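Visitor: Any chance you can model this:
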Amino acid sequence: MNLYDIKEDWDDVKKRWEAWWNACLYDRPLLLVTAPKDNPEIPAEITGFIEEKTDWTRKWTDTNYLIEKTLYDIYTVYYGGETVPMFIHGWSVGHALTFGCEPHFEQNTIWADKLPIGEGESFPAIKFDENNKWWLKICEIEKTAALTSKKRFFLRAKWGNGAGDILGACRGNENFMVENFN
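Guide: Just a heads-up that it's a prediction; the model follows:
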């Protein structure tokens, strides 16, 4: 199965997305709709997928689980309008982790501890480390997902929210807000 199988009107969908990126309108606004499929036909290699209900670290960090979930969704979710299958990891704090924040994994969310402040310093050291374990994990997950996609789903170049959220995670939201108003 590929995007042409999932989206019968793939050519028009592409034109609508291209128009949207160019702040134009092709023939109508984008419409994003998903719904569970009735009686989906799931291939044998995917029928064994089970939603993780206890090991939250696995749910958010296990590369194979994340890809299996995406493939399972392709067969069990209806993608209406211009909605297309996406590999979604859900790491809203991903970029903060690459600067040294440590994550906490829960059933429906991930959050991070703020960076520690060194002795005699006012601000934490916010430095990217290409050997950071979370950066390496993000790269592993993205590379594996890209190689697995085979035109079945898209990847987002996003592992976190906007810059303000990332700085808030690194500095601590309260500290970050106070410093911005002073």
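Visitor: could you pull out the strands for this structure?
Guide: In the chain, the segments counted as strands under DSSP state E are 32-36, 77-81, 86-87, 103-105, 110-112, 154-155.
Visitor: which one of those strands lies closest to residue 71?
Guide: Nearest to residue 71 among those is strand 86-87 (9.5 Å), distances taken as C-beta to C-beta. In short, each C-beta sits where N, CA and C put it, glycine included.
Visitor: and the closest one, what does it pack onto?
Guide: helix 63-76, strand 154-155 (3 or more C-beta pairs under 8 Å, 6 or more residues apart in numbering; DSSP states H and E).
Visitor: Residue 114: which of those is closest?
Guide: When these are ranked by distance to residue 114, counting by C-beta to C-beta, first place goes to helix 63-76 at 26.1 Å.
Visitor: can you list the strands of the chain in TSV and add distance to residue 175 and mean pLDDT?
Guide: Output for the strands of the chain, formatted as TSV (distance: least, C-beta to C-beta, whole Å; pLDDT from 0 to 100):
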stretch	distance to residue 175	mean pLDDT
strand 32-36	36	95
strand 77-81	40	93
strand 86-87	33	92
strand 103-105	19	94
strand 110-112	14	89
strand 154-155	33	91
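Visitor: Residue 105 and residue 161, how far apart?
Guide: According to C-beta to C-beta, to the nearest Å, residue 105 and residue 161 sit 17 Å apart.
Visitor: do the same with residue 89
Guide: Applying C-beta to C-beta to residue 89 and residue 161 gives a distance of 13 Å.
Visitor: ditto for residue 119
Guide: When C-beta to C-beta is the yardstick, residue 119 and residue 161 sit 30 Å from each other.
Visitor: more crowded one of the two?
Guide: residue 161 (16 against 5; other C-beta atoms under 10 Å).
Visitor: pLDDT score for that one?
Guide: At residue 161 the predicted local confidence, pLDDT, stands at 74.
Visitor: just the one 4 residues further on next, same as before
Guide: We have a pLDDT of 78 for residue 165.
Visitor: The one 10 residues further on too?
Guide: As predicted, residue 175 sits at a pLDDT of 80.
Visitor: What's the local residue count around it?
Guide: Burial of residue 175 is recorded as 17 neighbouring residues (other C-beta under 10 Å).
Visitor: which residue packs closest to it, ignoring adjacent ones?
Guide: Counting by C-beta to C-beta, 6 or more residues apart in numbering, residue 114 is the residue found nearest to residue 175 once chain neighbours are left out, at 7.5 Å.
Visitor: relative to helix 63-76, how tilted is the lengthiest helix in the chain?
Guide: In the chain, taking DSSP state H as the definition, the longest helix is helix 133-149. Helix 133-149 and helix 63-76 are oriented at 40 degrees to each other (axes from the mean of the first three to the mean of the last three C-alpha atoms, to 10 degrees).
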